[in-house]
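Trainee: can you look at this prediction? I've put the sequence above it.
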Amino acid sequence: MTPTGSQSTIIGDALPNIPWQDRPANNHNVVWRYGKNPIIPHDLIPSSNSIFNSAVVPYEDGFAGVFRCDDKRRVMQLHSGKSPDGINWTLQNERIQWLPADSQIEEINEFQYGYDPRVRWIEDRYYVTWCNGYYGPTIGVGYTYDFETFYQMENAYLPFNRNGVLFPRKINGKYAMLSRPSDNGHTPFGDIYYSESPDLTHWGRHRYVMGSTSGWQATKIGAGPIPIETQEGWLLFYHGVLTSCNGFVYSFGAALLDLEQPWKVLYRGEPYLLAPQAPYERTGDVPNVAFPCAALADAATGRLAIYYGGADTVVCLAFAYVDEVLDFIKTNSKI
Ligand code: BMA
């Protein structure tokens, strides 16, 4: 495969400082790993047992993010971080203390746990969604302007739900989110749904998007990074899970969703794009997990940098060209 030229189908901003490493000459995969993975070790900050499944965005001259840091009690926490280059990170040792966005939020603002964040600039601020403990997992919603002070809004849904992923802009005048209704345990099922909201508080008009199928995505699936807008549709990286005789195995692949009606799946790649095969994906607190929560995109070159958790222990980075991902989805789709 040859690198894409200077044009790409991404609708969005150029990101000249996107972290990047060319595909090694002997690598023929559409998605390839950063040679110095993992980029964040499990003990980057003194308070953490493990750091993984985290979300980053361009911020000022560099990058910022919200990180899943399980603490040494093994409680799942969210921490803020910043980086000049998207690879070397400084994380706050203390967890994010969510402030109620308004007085009605105070009664749900008792933080139980938070994990698997997603972050995106939408209109005038950085919105964060995460799996929020409220008598079981549901989708927390909040925002920040500076990655120092964070405000919590209403939970989007009733428990139980996970993998709440906002679209980067309103669609047909409404905010839009993917999510994965679930149960209170290690859910052995799971399909992706679409919901819309006039105000990021009241969510409805729920639509089925797609479900588990076979092979690497036989047990359950869930949206990964914020969908990337392209001229051909929304590019969605998502994780898929299979149940082996040794437990769940988390890989990721991609699908293309209709721009105006994103619950309509245009193409869906049958093979995975990345499966847990590197040592840091195979070995850790939860073996055999590659779990993407963020992707940076450079509209000028079509370069993508995908951030994913390795084995529920470390943060890893992988790269791809958007046009090659789209080709892969289209030529390997049964839809
Ligand atoms: C899911 C979530 C993810 C985790 C995965 C594998 O239910 O907890 O954060 O990566 O399990 O353990």
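Mentor: In hand now; what should we look at? Everything quoted here is computed from the prediction, not taken from an experiment.
Trainee: so for I108, what's the pLDDT?
Mentor: With respect to pLDDT, I108 has a value of 82.
Trainee: next: the one 10 residues further on.
Mentor: R118 carries a pLDDT value of 99.
Trainee: what bridges to it?
Mentor: T129 (DSSP bridges).
Trainee: how about the stretch 101-250 of the chain: which residue is closest to the ligand?
Mentor: Here the stretch 101-250 of the chain gets closest to the ligand at one residue, D116, 4.7 Å apart by Cβ to the nearest ligand atom. Using the backbone N, CA and C atoms, a C-beta is placed for each residue, glycine as well.
Trainee: for that residue, give me its contacts.
Mentor: 53, 68, 130-131, 162-163, 291, 293 (Cβ atoms under 8 Å, 6 or more residues apart in numbering).
Trainee: taking this structure, what residue is nearest to the ligand?
Mentor: Counting by Cβ to the nearest ligand atom, the chain gets nearest the ligand through V286, at 3.8 Å.
Trainee: residue numbers of the stretch 201-335 of the chain in contact with the ligand?
Mentor: Applying Cβ under 6 Å from any ligand atom, we find that the stretch 201-335 of the chain lies next to the ligand at 250, 286, 289, 291, 309, 312.
Trainee: what sits closest to the fourth one if chain neighbours are left out?
Mentor: The reference is to F291. With sequence-adjacent residues excluded and distances taken as Cβ to Cβ, 6 or more residues apart in numbering, F291 is closest to G309, at 4.3 Å.
Trainee: show me what from the stretch 51-200 of the chain comes close to the ligand.
Mentor: Counting by Cβ under 6 Å from any ligand atom, the stretch 51-200 of the chain sits next to the ligand at 53, 115-116.
Trainee: and the residues you listed, which of them are in strands?
Mentor: Under the assignment DSSP state E, these contribute 53, 115-116 to strands.
Trainee: export the residues you listed to JSON lines and append columns for distance to P188.
Mentor: Below are these laid out as JSON lines (distance: Cβ to Cβ, whole Å):
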{"residue": "N53", "distance to P188": "20"}
{"residue": "Y115", "distance to P188": "19"}
{"residue": "D116", "distance to P188": "18"}
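Trainee: can you tell me which of these is nearest F319?
Mentor: For those, the residue nearest F319 by Cβ to Cβ is N53; the value is 18.7 Å.
Trainee: contacting residues around that closest one?
Mentor: N53 neighbours (Cβ under 8 Å, 6+ apart): 68, 115-117, 291, 293, 308-309, 312.
Trainee: hmm, 10 Å instead?
Mentor: Neighbouring residues of N53 by Cβ atoms under 10 Å, 6 or more residues apart in numbering: 67-68, 70, 76, 115-118, 130-131, 224, 239, 250, 289, 291-294, 307-310, 312, 315.
Trainee: ok, for it, nearest residue in space, not its chain neighbours?
Mentor: G309 is the one closest to N53 (Cβ to Cβ, 6+ apart), at 3.8 Å.
Trainee: now that neighbour: which helix or strand?
Mentor: If you go by DSSP states H and E, G309 is part of strand 303-310.
Trainee: that strand pairs with which strands?
Mentor: In the sheet, strand 303-310 lines up with strand 290-298 (antiparallel), strand 314-321 (antiparallel) (DSSP bridges).
Trainee: avg pLDDT for that strand?
Mentor: 99.
Trainee: how far does it sit from its chain's centre?
Mentor: In terms of Cα atoms, centre = their mean, to the nearest Å, the centre of strand 303-310 is found 9 Å from the chain centre.
Trainee: confirm that E107 sits in a helix.
Mentor: Yes: applying DSSP: H, G, I helix; E, B strand; the rest coil, one finds E107 inside a helix.
Trainee: distance of it relative to I39?
Mentor: Remark: distance between E107 and I39 (Cβ to Cβ, to the nearest Å) = 38 Å.
Trainee: for H202, same thing?
Mentor: From H202 to I39 the distance is 38 Å (Cβ to Cβ).
Trainee: swap in L200?
Mentor: The value you get for L200 to I39, if Cβ to Cβ is used, is 31 Å.
Trainee: Y280: neighbouring residues, count only.
Mentor: When counting by other Cβ atoms under 10 Å, one arrives at 19 neighbours for Y280.
Trainee: what residues are up against it?
Mentor: Here Y280 is in contact with 33, 37-38, 41-42, 290, 310-311, 313-316 (Cβ under 10 Å, 6+ apart).
Trainee: just V289 next, same as before
Mentor: 52-53, 239, 241, 247-251, 276, 281-282, 308-313.
Trainee: buried ones from the residues you listed, can you make that a PyMOL selection?
Mentor: Buried members of these, identified by 16 or more other Cβ atoms under 10 Å, are gathered into one PyMOL selection as follows:
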select buried, resi 52+53+239+241+248+249+250+251+276+281+282+308+309+310+311+312+313
